[in-house]
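Engineer: here is a sequence together with a model predicted from it:
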Amino acid sequence: MKKQYVVLTMIFLASTFLFQNCSPSGVQFEQARELASVTEPDVVSSSGEAEAEEEAPEIKTKTFTAASKEKAVDMVWVIDNSASMTAGADIIRKNFEKFAHLVENEVDLRVALISKKDAFSLQTHVTLPESMKNGQQVDFMVHSYNPLLVAAAATCPETATDAFCKKILGNSKYDKVYSSLNDFFRPQAQKVFVFVTDDDSAANANTTVQYEAANSNGYVATIKSLTINEDYITAATFKDRMVRAFGKNGSYKVFGFIAAADSKCRARESAAYSSLISYSGGVAFNVCDKDWSKNFSQLSEKVVDYASTEYSLQSENVKKVLSVKLNGKVLIPGVDYTVADGKVALNPTLVKSLGNYIIDVTYTE
């Protein structure tokens, strides 16, 4: 009986040994279990209960196109003098000087104003304040349909070199504005255009809508000839003129007090201006607003940011700044830049001689 028990025990042990060495499933199972311990999505807490793994923070990048604070800003305002702009012109007259000095205290600012000084019969006259020593006014009657053309014509050289400038040079009604700002712009300055109008520059079917007080609707559609974009131009034409004036890599921003589709006043949606504003990274303000104080405040901030070495991320939900790049080069934290109070401040020496540059800030939310 004892011998029988020993024999049975030996057979059991032998069979167990053979199964462990012949079957691959044991090794594979252990490997799979080890892999599962690495990739398991749930985390076990100290109490033994499973907890969901913490969600990875979202990584975002915000890009700023700017120039150093030591550089200049050349700002051109073009203000519509048509009859429908009485209220807007009055707001500009009351706020323009304060706005300009606010920006002037922050950056090296030069202002040009294209608008009629003596449009008193319409109450749409706007004059550059005498306190603006570096200012320049082009005394020109700006109509509802041509502010964009007027601004573009002002950048033309004295001797026309492109089709647009040649066409405008041949039109005597633009003599006062043609090439009027050719010497205004400084080579290394940031260029800023601000348009104030309740109309648009171009429309389908060669139509521009102009204000007419006698009309019951306040506006009348007028068919105009578009022989090489005379009298009003498209956003594409303006962009082309800017390239010719400032070079292919020239930086400029467009802002506007214009009308949107939901503007609650007698104003036409400004599609051409909106296109330019979006393209250049500017901001559009509602020309129908009764109070422009917030608009002026935001505009001044945007212009200063355009020529500053400090970049605000306060409008973003920033947890941590991961990296900062200057024209594609990764900067060293604490040496090339600092982060405090939701703002990234560059070492001014990095950009003092760069002129235009691009800053990319990568951060987590």
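Structural biologist: Sure thing, it's come through. Worth saying up front: this structure is predicted, and the values here are computed from it rather than measured. Numbering: from 1, shown residues only.

Engineer: is residue 279 in contact with residue 238, as I believe?
Structural biologist: No: counting by C-beta atoms under 8 Å, residue 279 sits too far from residue 238 to count as a contact (9.6 Å). C-betas here are computed from N, CA, C, even on glycine.

Engineer: okay, these two: which has more neighbours?
Structural biologist: Legend: neighbour count by other C-beta atoms under 10 Å for residue 279 and residue 238, higher for residue 238 (26 against 14).

Engineer: what's that one sitting at in phi/psi?
Structural biologist: With angles defined as degrees, to the nearest 10, residue 238 sits at phi -60, psi -40.

Engineer: let me know the pLDDT of it.
Structural biologist: Note for residue 238: predicted pLDDT of 93.

Engineer: for it, what are its contacts?
Structural biologist: Taking C-beta atoms under 8 Å, 6 or more residues apart in numbering, we find residue 238 in contact with 148, 151, 152, 201, 272, 276.

Engineer: next, count neighbours for the third one.
Structural biologist: If you count neighbours by other C-beta under 10 Å, residue 152 ends up with 27.

Engineer: how about TSV for the contacts of residue 238, with secondary structure and distance to residue 190 added?
Structural biologist: TSV is the format used below for these (DSSP: H, G, I helix; E, B strand; the rest coil; distance: C-beta to C-beta, whole Å):
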residue	secondary structure	distance to residue 190
148	helix	20
151	helix	16
152	helix	18
201	coil	23
272	helix	22
276	helix	16
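
Engineer: name the nearest of the residues you listed relative to residue 117.
Structural biologist: residue 151 (17.7 Å; C-beta to C-beta).

Engineer: OK, contacts around that closest one?
Structural biologist: Shown in contact with residue 151 (C-beta under 8 Å, 6+ apart): 76, 78, 114, 193, 195, 238.

Engineer: checking the fourth one next. Helix, strand or coil?
Structural biologist: I take that to be residue 193. Under DSSP: H, G, I helix; E, B strand; the rest coil, residue 193 falls in the strand class.

Engineer: partners of it in the sheet?
Structural biologist: residue 76, residue 254 (DSSP bridges).

Engineer: neighbours of it, how many?
Structural biologist: Residue 193: 27 surrounding residues under other C-beta under 10 Å.

Engineer: and the least confident of the contacts of residue 151?
Structural biologist: Among those, residue 238 has the lowest pLDDT, at 93.

Engineer: ok, which stretches of the stretch 251-365 of the chain are helices?
Structural biologist: Using DSSP state H, counting those that start in this stretch, the helices of the stretch 251-365 of the chain run over 271-280, 293-306.

Engineer: what do you get for the stretch 51-200 of the chain?
Structural biologist: 86-104, 147-154, 163-169.

Engineer: what does the first one rub up against?
Structural biologist: To tie it back to what came earlier, the one meant is helix 86-104. Taking C-beta under 8 Å, 6+ apart as the rule, helix 86-104 contacts 73, 75, 77, 79-81, 109, 111, 122-127, 129, 131-132, 135, 196, 198, 257, 287, 292-293, 296, 299-300, 303-304.

Engineer: filter the residues you listed down to the buried ones, ChimeraX style.
Structural biologist: Buried residues within the contacts of helix 86-104, by 16 or more other C-beta atoms under 10 Å, are selected in ChimeraX with:
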select :73,75,77,79,80,81,109,111,122,124,125,126,129,132,135,196,198,257,287,292,296,299,300,303,304
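
Engineer: in this protein, where is pLDDT below threshold?
Structural biologist: Along the chain, the parts satisfying pLDDT under 70 run over 1-54, 66-71, 202-230, 249, 314-315, 348, 352-356.

Engineer: mind checking how far the spatially most central residue of it is from residue 319?
Structural biologist: Taking C-alpha atoms, centre = their mean, the centroid of the chain lies closest to residue 281, which sits 2.1 Å from it. As judged by C-beta to C-beta, to the nearest Å, residue 281 and residue 319 stand 25 Å apart.
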